[in-house]
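Chemist: pasting the structure only:
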């Protein structure tokens, strides 16, 4: 039986070899039989190939997408990091521009008033152990600061130095309810005491019962002996309301500070008072009102109707 099986295997092998040689010979001689067989085979297998491609293409695409997913996530992370850096750079640029603008205003104010100053950055703002409204600046004894020095901003008075440390200092803001400063009215030179109220408003009390104040009056710091705690001439605020003072010993008024406490980023400490009192030279200029544009309206008359017009004849009365 084993020999019979070997014979059949040999016979099948010989048959396949002969058939192959036969087909190769026909193909070399250009016989269309092989071409037809190829075409028929392709036509027969084509639908199966398309079905297999349709079935396995999504699987191939899935594995391709999975391989690309890691690269896509890495690209998104890189773009997010770049976006965050650009935003941080933009914020820093805006902050720097704002500090430069404030510093220019401070230098202009100090130059006009004749104050010798040391500039400082505001590093914190809020409540302290002793005061409800204060700021901390980044200079202290290292810049020869001492207590009771005047602190100014680009728009005027900010406050006074209350505590000095090696490299920082605590400044009491003029808006603190415990803050008091002697002021005078620009022009009339009437004097009074300004008291902080914890907001951007303060209360003015004139010292002379015969003195008067009106809305729009500008208040300047009177100055202290030796320039401490206040140097003279620093703008403080403007009168916004004058309530009825009947029955009071002296007149009262509501004042709005020139300095915006919440927007402070750069300030200056006056380390030396001016030789000459600047008087009213630091009064802020009033904004110039914008002219109202003139509008000229041209009216075109209605066209006249040409032609003649005859009144209708009056009716003749009957006899």
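Modeler: Structure received. For clarity, every value in this text was computed on a predicted model and none was experimentally measured. Residues are numbered from 1 along each chain as shown.
Chemist: report the secondary structure state of residue 283.
Modeler: When classified by DSSP: H, G, I helix; E, B strand; the rest coil, residue 283 comes out as coil.
Chemist: against residue 146, how distant is it?
Modeler: Applying C-beta to C-beta, to the nearest Å, the value for residue 283 to residue 146 is 29 Å. In this view, the C-beta of every residue, glycine as well, is placed from N, C-alpha and C.
Chemist: of these two, who's got more company?
Modeler: Between residue 283 and residue 146, residue 283 has the larger neighbour count (other C-beta atoms under 10 Å), namely 16 against 13.
Chemist: per-residue pLDDT, that one?
Modeler: Confidence at residue 283, expressed as pLDDT, is 94.
Chemist: what sits against the closest residue to residue 153 other than its chain neighbours?
Modeler: Distance criterion C-beta to C-beta, 6 or more residues apart in numbering; nearest residue to residue 153, sequence neighbours excluded, is residue 259 at 4.9 Å. By C-beta atoms under 8 Å, 6 or more residues apart in numbering, residue 259 lies in contact with 153, 155, 156, 157, 158, 174.
Chemist: farthest-separated two in those?
Modeler: Taking C-beta to C-beta, the two most distant members of the contacts of residue 259 are 155 and 174; they sit 11.5 Å apart.
Chemist: neighbour count: these two, which is higher?
Modeler: Shown here are residue 155 and residue 174; by other C-beta under 10 Å, residue 174 has more neighbours (26 against 20).
Chemist: mind naming the longest strand for this protein?
Modeler: Secondary structure assigned by DSSP state E gives strand 116-126 as the longest strand of the chain.
Chemist: compute the first-to-last residue distance for stretch 173-181.
Modeler: Using C-alpha to C-alpha, to the nearest Å, one end of stretch 173-181 lies 11 Å from the other.
Chemist: over to stretch 222-240?
Modeler: End-to-end span of stretch 222-240 (C-alpha to C-alpha): 20 Å.
Chemist: give the buried residues for it.
Modeler: Across stretch 222-240, burial judged by 16 or more other C-beta atoms under 10 Å covers 222-224, 227-239.
Chemist: ok, the residue lying closest to residue 224 once chain neighbours are set aside - contacts?
Modeler: Sequence neighbours aside, residue 230 is the residue nearest to residue 224 in space, at 4.8 Å (criterion: C-beta to C-beta, 6+ apart). By C-beta under 8 Å, 6+ apart, the contact list for residue 230 reads 150, 157, 160, 181, 182, 221, 222, 223, 224.
Chemist: got CSV for those, with pLDDT, secondary structure and distance to residue 102 too?
Modeler: As requested, the contacts of residue 230 are exported to CSV (pLDDT from 0 to 100; DSSP: H, G, I helix; E, B strand; the rest coil; distance: C-beta to C-beta, whole Å):
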residue, pLDDT, secondary structure, distance to residue 102
150, 98, strand, 17
157, 97, strand, 15
160, 97, strand, 19
181, 97, strand, 22
182, 96, strand, 26
221, 97, strand, 20
222, 95, coil, 25
223, 93, coil, 24
224, 94, coil, 25
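Chemist: quick one: low-confidence parts of the stretch 151-300 of the chain?
Modeler: For the stretch 151-300 of the chain, the stretches flagged by pLDDT under 70 are 245-247, 287-300.
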